[in-house]
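In: Build me a structure from this.
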Amino acid sequence: MGIAAVLCLALLLSVSSVARAWLPAEHPIIRGVNLGGLFVVEPWMMQDQWASMGCGGQNDEWQCVESLGQEAADAAFKTHWSSWITKADIDEIVSYGLNTIRIPLGFWMKEDLVQSDEYFPRGGFPYLENVVRMAKEAGLYVILDLHAGPGGQFANQQFTGHSVSTPGWFTSANYERTYQFLEWMAEIKHTKPNFSTVGTLQVINEPRSVTDAQKESLQNEFYPNAYNRIRQVEDDLNIAQEKRLHVQMMATNWGEGDPDLSWGGDSPYFALYDAHKYLVWDTGVPTTRDDYMYHSCNNNVGAGSNSNDKPLLIGEWSLAVRDGENAEFNLTRSDAVEWYKGWFAAQLHDYEMQRGWVFWTWKIDQLDGRNDWRWGYQRAVKAGVIPTDPDTAVAMSICDNYK
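Out: Numbers count the residues shown, from 1 in each chain. Coordinates of the predicted model:
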């Protein structure tokens, strides 16, 4: 790395420069929520909404469109896009002391990338522009996340838009479709005023390879090409360095290798790394309240395999637990709200040692017939679990009891 590159990286990592480059406000910590389910529907967490669209019983967006037919599906999704997240949601997010939204997107938002034998809704872009316009007017920083890539980057997952038994995304042809989506979004960010508070573009969410060759292609082919294709758009538009997008990749502890491999282990300019921290799927932490609290208070998500992935953002996390293994976690317990309130604060203790966090997710329906606010920030605030200002949770100093 040359002297100029070292100086750029040092500037990026200084708190004052990060605050200016990332956020319209002056606070250097990202505190945000995912707008999950808006442009990539995940029926498991929004069954009432899914049924109201006429999609009840369908597993994913592909199945819904195929079942309803294109025209009827387009109409159903337009109703969904206009109602799932409104100005009232954006205003409420801001009122809770949050400064960021992450918007999961499917590649089919760029409709000319959809092939004739694929089934996805059409007409989403005006609704995306409306959401980012509202976010801009509210002073929110926006992360655009390619949540669902062509062919599916993770087997049997609703968040890919088409649950497939084998991921089909790890091919040069589908990489190319992905690059074209990213180029399109990069140009939109820099040419459409409504997108001016978009500061990060995530190149792919949670890819999960099934062969060594796929993992190698992710590191050696996809990540560098995706980064370079975005930067080429910005070169062509003569975008100043300090106004460029942060290009986000999954952090090393996601388990798909080192995203910086092609750069010799060094972070390229304005790179950003995404760690997802779900204890509900972490079998390495014993399933007790004390173990969960001790882990969150003493863990450092930025250490270990993530040590070189800086700056690091915890782009997904929740209050979900493996409650079927221990009745301590039951929501019906009289002290449930108080304990989960403390665990929320403990997780902030870990994540705010990095560049911050984005909770999964903002809005959910009833889950299995109950108000399971552990997956929904909005519901958790109303339940008294999450405070109306994250500073209140930080001020609890909850981890003083778990050293």
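
In: Please make it C-alpha for all contacts and neighbour counts, starting now.
Out: Noted.

In: List the buried residues for stretch 367-387?
Out: 371-381, 385-387 (16 or more other C-alpha atoms under 10 Å).

In: Check the contact between Asn300 and Leu348; I expect there is one.
Out: No. Assessed by C-alpha atoms under 8 Å, Asn300 is found out of contact with Leu348, at 11.1 Å.

In: Tell me which of the two has more neighbours.
Out: Neighbour comparison, Asn300 and Leu348: the larger count goes to Leu348, with 21 against 16 (by other C-alpha atoms under 10 Å).

In: before we move on, back to that, looking at the buried residues of stretch 367-387, which are in strands?
Out: Using DSSP state E, no member of the buried residues of stretch 367-387 falls within strands.

In: With distance to Ile143 as extra columns, can I get those in JSON lines?
Out: Below are those laid out as JSON lines (distance: C-alpha to C-alpha, whole Å):
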{"residue": "Asn371", "distance to Ile143": "28"}
{"residue": "Asp372", "distance to Ile143": "26"}
{"residue": "Trp373", "distance to Ile143": "24"}
{"residue": "Arg374", "distance to Ile143": "23"}
{"residue": "Trp375", "distance to Ile143": "20"}
{"residue": "Gly376", "distance to Ile143": "19"}
{"residue": "Tyr377", "distance to Ile143": "18"}
{"residue": "Gln378", "distance to Ile143": "19"}
{"residue": "Arg379", "distance to Ile143": "22"}
{"residue": "Ala380", "distance to Ile143": "23"}
{"residue": "Val381", "distance to Ile143": "23"}
{"residue": "Val385", "distance to Ile143": "26"}
{"residue": "Ile386", "distance to Ile143": "22"}
{"residue": "Pro387", "distance to Ile143": "23"}
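
In: I'd like to know which of those residues is nearest to Ser83.
Out: Distance ranking of these against Ser83, using C-alpha to C-alpha, places Gln378 first at 15.6 Å.

In: Can you list the low-confidence ranges for the chain?
Out: 1-27 (pLDDT under 70).

In: how about the helices in it?
Out: Along the chain, counting by DSSP state H, helices occupy 3-13, 15-22, 47-52, 61-68, 70-83, 87-95, 125-138, 172-191, 212-217, 223-236, 289-298, 336-351, 377-382, 390-394.

In: can I get those helices in CSV with distance to Val203?
Out: Below are these laid out as CSV (distance: least, C-alpha to C-alpha, whole Å):
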stretch, distance to Val203
helix 3-13, 20
helix 15-22, 17
helix 47-52, 27
helix 61-68, 21
helix 70-83, 23
helix 87-95, 25
helix 125-138, 17
helix 172-191, 7
helix 212-217, 14
helix 223-236, 7
helix 289-298, 28
helix 336-351, 22
helix 377-382, 25
helix 390-394, 28
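
In: Pick the most deeply packed of these.
Out: Of all these, helix 336-351 has the most neighbours on average by mean count of other C-alpha atoms under 10 Å, namely a mean of 21.

In: So which elements touch that helix?
Out: On a contact count with 3 or more C-alpha pairs under 8 Å, 6 or more residues apart in numbering; DSSP states H and E, helix 336-351 meets helix 289-298, helix 390-394.

In: do that again at 6 Å, thanks
Out: helix 289-298 (3 or more C-alpha pairs under 6 Å, 6 or more residues apart in numbering; DSSP states H and E).

In: Tell me which residue is most central in the chain.
Out: Gly315 (4.8 Å; C-alpha atoms, centre = their mean).

In: The nearest residue to that one once chain neighbours are set aside and Val285: what is the separation?
Out: Excluding the flanking residues, the one nearest Gly315 by C-alpha to C-alpha, 6 or more residues apart in numbering is Val358, at 4.8 Å. Val358 sits 22 Å away from Val285, going by C-alpha to C-alpha, to the nearest Å.

In: which one of those two has more residues nearby?
Out: Using other C-alpha under 10 Å, the more surrounded residue of Val358 and Val285 is Val358, with 26 against 13.
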